[in-house]
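>>> predicted model follows, preceded by the sequence.
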Amino acid sequence: MLSIIPLSLAALVLVAYFGGKNRAVAVVAGRRSTLHSRPLYHGTYVAVWVGIPALLLSLVWLFLQGPVIDILLVRSLPSDLRDGLDGSQLQLLLSEIRSLAKGSVFGNPTAEVIAAAERYKAWQVLAGWALVVSSLAISIAALVITRNHIAKRFYARHRVEQVLDWLMIACSTLAILTTLGIVVSLSIESLRFFDLVSPGEFLFGLNWEPQIPIRKGQVTAGGAFGAIPVYLGTLLIALIAMLVAIPVGLLSAIYLAEYSSKRARAILKPLLEILAGIPTVVYGFFAVLVVAPALRNFGQIVGMDIAPNSALAAGGVMGIMLIPFISSFSDDAISAVPRSLREGAYGLGATKGETIVDILLPAALPGIMGGVLLAVSRAIGETMIVVMAAGIIASLTLNPLEPVTTVTVQIVTLLIGDSEFDNPKTLAAFALGLVLFLATLALNVLALRFTRKYREQYD
């Protein structure tokens with residue numbers, strides 16, 4: 001049923017667009033030059049006001065429909081069925097009713113539950129049709145009203161531009177609110193974690209064993225939440241990845257921008273950027289099946305003990321994955337350097353290598369730093385390669401030949417399972433995420449100041 005709404009709105013928007021254009025032409029008897037705005041803007045004006053209000057109504061309706069029906073459903077239940085139930089038990093009962101309404105029967109539901117499922121289905125259908133009728137009514141009313149606005153001196157272009165301005169403001173506001181929502185959610189859950197675990201232990205502790213008993217009689221290590229090994233492993237793998245990605249990516253960009261022919265560039269650049277489109281699980285398989293065994297065999301030859309899962313294998317393969325991020329940004333930044341800087345350096349007797357090192361790279365540094373920052377963020381947030389090639393055990397070590405883990409891997413590990421968000425093990429994921437968010441924010445601010453300094457120098 002809900003599929004009727006977008007199809008109907010799309011059809012009405014098309015009708016409104018062409019109807020608005022034709023109306024504008026008809027108002028001036030075909031003399032388009034006498035219109036204040038082109039017929040295109042008149043059609044767009046009508047189409048926008050036909051589509052946007054109905055779309056907003058549909059989004060708000062769908063957002064509120066579920067909670068409203070749940071409230072009505074709870075109130076319609078017999079008092080002996082809902083009295084004495086806490087929040088989680090009530091949600092479990094609602095889930096049973098919803099499943100039964102969809103045709104999934106578990107166990108032997110009572111007559112009251114079956115009746116509630118029938119009411120739930122009926123209310124869903126009624127709400128769906130009410131939404132369809134309301135959306136179409138608003139669209140048709142907007143079509144009639146806005147079509148009557150069209151006149152010879154109607155400022156349709158200005159109205160359309162105002163709508164676009166408000167649309168861009170709304171998108172920007174949504175992005176800001178999303179960021180604030182992430183910060184608030186992380187902060188609230190992290191504060192709950194720090195009520196249970198000392199911040200000093202978390203930030204400066206050297207032992208990470210978050211396995212705690214979640215049911216009576218369960219035997220665990222008791223729980224240790226010192227996050228230093230987790231963050232150290234994250235930095236170690238990211239460092240290895242950048243040691244691979246930065247030199248290879250930057251040198252590739254220099255070759256493509258300054259040395260390669262147009263034919264070679266047209267072939268090599270797309271081939272290099274294919275690396276960015278390969279799924280990370282494929283890199284993980286490559287690290288496990290090719291890189292890690294090769295490193296172990298090399299270690300046996302030279303007499304070194306290399307673990308089956310190691311930071312070196314994960315970081316090296318991750319560095320290969322990050323090469324396109326750095327090479328593409330650096331290539332674009334170097335190519336964008338004005339030709340006059342190159343010619344001035346050559347005119348003063350500088351060689352090609354001296355021009356690249358002393359002129360082009362400093363001038364392109366903001367773009368290069370943007371690529372490096374993107375690659376660092378990608379390295380810190382990578383999960384699949386680390387799980388497959390480096391392991392999930394948090395070890396306090398800087399030895400790249402030993403297994404380590406990262407923040408993202410631990411977050412995934414902590415949130416797997418049926419644990420509720422009321423124990424330190426689960427809440428630790430939010431604390432890890434908050435510290436990682438703050439570290440990434442600090443890195444972005446530092447990079448922004450660094451690039452701004454050099455951008456002012458070479459503008």
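On my side now, so go ahead.

>>> which SS state does Ser395 fall under?
Taken by DSSP: H, G, I helix; E, B strand; the rest coil, the conformation at Ser395 corresponds to coil.

>>> outline the domain layout of this protein.
For the chain, the structural domains run 4-154, 155-196, 224-458, going by automatic domain parsing.

>>> these: which one's closest to Leu206?
When these are ranked by distance to Leu206, counting by Cβ to Cβ, first place goes to domain 224-458 at 5.0 Å. C-betas here are computed from N, CA, C, even on glycine.

>>> which of the domains of the chain sits most buried?
Neighbour counts (mean count of other Cβ atoms under 10 Å) averaged over each of these peak at domain 224-458, with a mean of 18.

>>> now stretch 173-193: mean pLDDT?
Taken as a whole, stretch 173-193 has a mean pLDDT of 89.

>>> which residues are in contact with that stretch?
Judged by Cβ atoms under 8 Å, 6 or more residues apart in numbering, the contacts made with stretch 173-193 from elsewhere in the structure are Phe202, Phe421, Pro424, Leu427, Ala428, Phe430, Ala431, Gly433, Leu434, Phe437.

>>> how about the fifth one, secondary structure?
This points to Ala428. When the structure is reduced to helix, strand and coil (three-state DSSP), Ala428 reads as helix.

>>> next: the first one.
When states are read from three-state DSSP, the local structure at Phe202 comes out as helix.

>>> need the contact list for it.
The contact partners of Phe202, taken as Cβ under 8 Å, 6+ apart, are Phe193, Phe194, Phe225, Gly226, Ala227, Ala428, Ala431.

>>> show me how far stretch 235-250 is from its chain's centre.
Stretch 235-250 sits 23 Å away from the centroid of its parent chain (Cα atoms, centre = their mean, to the nearest Å).

>>> nope, stretch 370-384 is what I was after
Per Cα atoms, centre = their mean, the displacement of stretch 370-384 from the mean C-alpha position of its chain is 13 Å.

>>> now do it: everything it contacts.
Contact with stretch 370-384 is made by 234, 237-238, 241-242, 245-246, 249, 280-281, 283-284, 318, 321-322, 325-330, 333, 406-409, 412, 436, 440, 443-444, 447, 451, as judged by Cβ under 8 Å, 6+ apart.

>>> and for stretch 262-280?
Surrounding stretch 262-280, the residues in contact under the criterion Cβ under 8 Å, 6+ apart are 252, 256, 260, 320-321, 323-325, 327-328, 331, 382-385.

>>> now, the contacts of Phe202 that are in strands?
Secondary-structure check on the contacts of Phe202 using DSSP state E: residues within strands are Phe225.

>>> got the contacts of Phe202 as JSON lines, with distance to Trp208 columns?
As requested, the contacts of Phe202 are exported to JSON lines (distance: Cβ to Cβ, whole Å):
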{"residue": "Phe193", "distance to Trp208": "14"}
{"residue": "Phe194", "distance to Trp208": "16"}
{"residue": "Phe225", "distance to Trp208": "7"}
{"residue": "Gly226", "distance to Trp208": "6"}
{"residue": "Ala227", "distance to Trp208": "6"}
{"residue": "Ala428", "distance to Trp208": "9"}
{"residue": "Ala431", "distance to Trp208": "12"}
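
>>> can you tell me which of the contacts of Phe202 is nearest Ala313?
Minimum separation from Ala313 among the contacts of Phe202 (Cβ to Cβ) is found for Ala227, which lies at 23.5 Å.

>>> next one: phi and psi at the closest one?
Main-chain dihedrals, Ala227, degrees, to the nearest 10: phi -90, psi 0.

>>> packing partners of the strand or helix carrying Ala116?
For Ala116, the host element (DSSP states H and E) is helix 111-149. Under the contact criterion of 3 or more Cβ pairs under 8 Å, 6 or more residues apart in numbering; DSSP states H and E, the helices and strands touching helix 111-149 comprise helix 4-27, helix 39-76, helix 87-101.

>>> Leu401 against Val302, yeah?
No: contact between Leu401 and Val302 fails when scored by Cβ atoms under 8 Å: they sit 11.5 Å apart.

>>> per-residue confidence at Phe106?
We have a pLDDT of 71 for Phe106.

>>> what stretches of the stretch 201-350 of the chain score poorly on pLDDT?
Low-confidence segments of the stretch 201-350 of the chain, defined by pLDDT under 70: 212-223.

>>> just the helices in it please.
With DSSP state H, counting those that start in this stretch applied, the stretch 201-350 of the chain shows helices at 228-254, 262-273, 280-286, 292-302, 311-335, 339-347, listed in chain order.

>>> and of those, who's closest to His149?
His149 lies closest, by Cβ to Cβ, to one member of the helices of the stretch 201-350 of the chain: helix 311-335, at 45.5 Å.

>>> next, the angle helix 228-254 makes with that closest one.
With axes from the mean of the first three to the mean of the last three Cα atoms, to 10 degrees as the criterion, the two stretches helix 311-335 and helix 228-254 enclose an angle of 40 degrees.

>>> max-length helix in this protein?
Longest helix in the chain, counting residues (DSSP state H): helix 156-196.

>>> and the angle from that helix to helix 4-27?
Calculated by the same axes, to 10 degrees, helix 156-196 forms an angle of 150 degrees with helix 4-27.

>>> helix 156-196 vs helix 39-76, what angle?
Computed by the same axes, to 10 degrees, the angle between helix 156-196 and helix 39-76 is 40 degrees.

>>> what sits against Val160?
Remark: with contacts taken as Cβ under 8 Å, 6+ apart, Val160 is in contact with Tyr41, Thr44, Tyr45, Val48.

>>> ugh, wrong one, I meant Thr110
Taking Cβ under 8 Å, 6+ apart as the test, what Thr110 contacts is Leu81.

>>> pLDDT value on it, please?
78.

>>> backbone torsions only: list them for it.
Dihedral pair for Thr110: phi -80, psi 170, per degrees, to the nearest 10.

>>> same thing with Glu402?
Given degrees, to the nearest 10, the pair of backbone angles that Glu402 has is phi -110, psi 160.

>>> circling back: in a markdown table, list the helices and strands packed on helix 111-149 along with mean pLDDT and distance to Phe298.
Listed next are the helices and strands packed on helix 111-149 as a markdown table, based on pLDDT from 0 to 100; distance: least, Cβ to Cβ, whole Å:
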| stretch | mean pLDDT | distance to Phe298 |
| --- | --- | --- |
| helix 4-27 | 84 | 57 |
| helix 39-76 | 88 | 57 |
| helix 87-101 | 80 | 54 |
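
>>> having no further points to raise, I will conclude here.
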